[in-house]
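A.B. asks: Got a sequence here, can you model it:
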Amino acid sequence: MAEQLVHSFLLALHNIALVGCAAAPFYNRQLVLKRGQYGPKLHYELDKVVEDTLQANMPYCVIFLTTLWLTGVGIPLNHLLFHGALKELHILATVALVLKLLCVVGMMVIMFIIFFQLNPQLRKLFANFTPADDPDAEKEKEFFEKRARRKGLCEVCLVFAVGVLIFSAFLGFSS
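C.D. replies: Model prediction:
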């Protein structure tokens with residue numbers, strides 16, 4: 001019974017983290033698509049809201065991915081603790097696990113690029129803009145080019161997140 005309780009607790013946290021990993025890029029995508037309707041011309045107040053919203057997601061993404069990793073390791077360790085061996089996986093479950101892990105690693109790489117490279121550059125560029133003045137054309141162009149790169153990476157991240165959800169469904173196959 002203790003094993004089942006621990007497993008259920010870890011699985012519940014794991015599923016919450018899975019949903020968080022998929023929901024964040026999905027809702028960010030919706031925000032970016034709505035903003036895109038206004039074209040690559042700076043609208044200071046709108047762009048400030050978009051940047052503040054997107055850049056504030058870092059702690060949530062880190063928490064979701066950390067929880068995903070910890071519970072993903074905790075579930076097999078729970079089995080090891082109670083049975084003295086890791087659970088044998090069906091070949092389909094093994095392939096799904098490898099693909100799921102590749103998707104999670106892909107999401108982590110994308111997060112690193114966005115949070116530690118693109119977002120600081122975007123913050124620095126946006127600091128040059130004010131609500132009262134027309135933006136410098138070169139800085140505005142660079143800003144929207146970096147935003148387009150971030151959007152493209154977020155699209156890939158969303159695909160990885162959906163992959164994590166799909167591959168997770170195959171982990172229950174028994175040998």
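A.B. asks: The most centrally placed residue in the chain and Glu145, how far apart?
C.D. replies: In the chain, the residue lying closest to the centroid (CA atoms, centre = their mean) is Cys21, at 4.7 Å. The spacing between Cys21 and Glu145, counted by CB to CB, to the nearest Å, is 27 Å. In short, each C-beta sits where N, CA and C put it, glycine included.
A.B. asks: Repeat that for Pro59.
C.D. replies: Going from Pro59 to Glu145 by CB to CB gives 27 Å.
A.B. asks: Between those two, which is the more surrounded one?
C.D. replies: Per other CB atoms under 10 Å, whichever of Pro59 and Glu145 has more neighbours is Glu145, with 12 against 9.
A.B. asks: And what about the more buried one, helix, strand or coil?
C.D. replies: Per DSSP: H, G, I helix; E, B strand; the rest coil, the secondary structure class of Glu145 is helix.
A.B. asks: that older thread, quick one: buried residues of the host helix or strand of the residue nearest to the centre of the chain?
C.D. replies: In this structure, Cys21 sits in helix 2-36 according to DSSP states H and E. For helix 2-36, burial by neighbour count (16 or more other CB atoms under 10 Å) applies to 6, 10, 13-14, 17-18, 20-22, 24-25, 28, 32, 35.
A.B. asks: In CSV, list the residues you listed along with pLDDT and distance to Val73.
C.D. replies: Listed next are the buried residues of helix 2-36 as CSV, based on pLDDT from 0 to 100; distance: CB to CB, whole Å:
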residue, pLDDT, distance to Val73
Val6, 93, 13
Leu10, 92, 9
Leu13, 95, 12
His14, 92, 10
Ala17, 93, 12
Leu18, 87, 15
Gly20, 89, 18
Cys21, 85, 16
Ala22, 84, 20
Ala24, 84, 22
Pro25, 83, 23
Asn28, 88, 27
Val32, 91, 33
Arg35, 95, 38
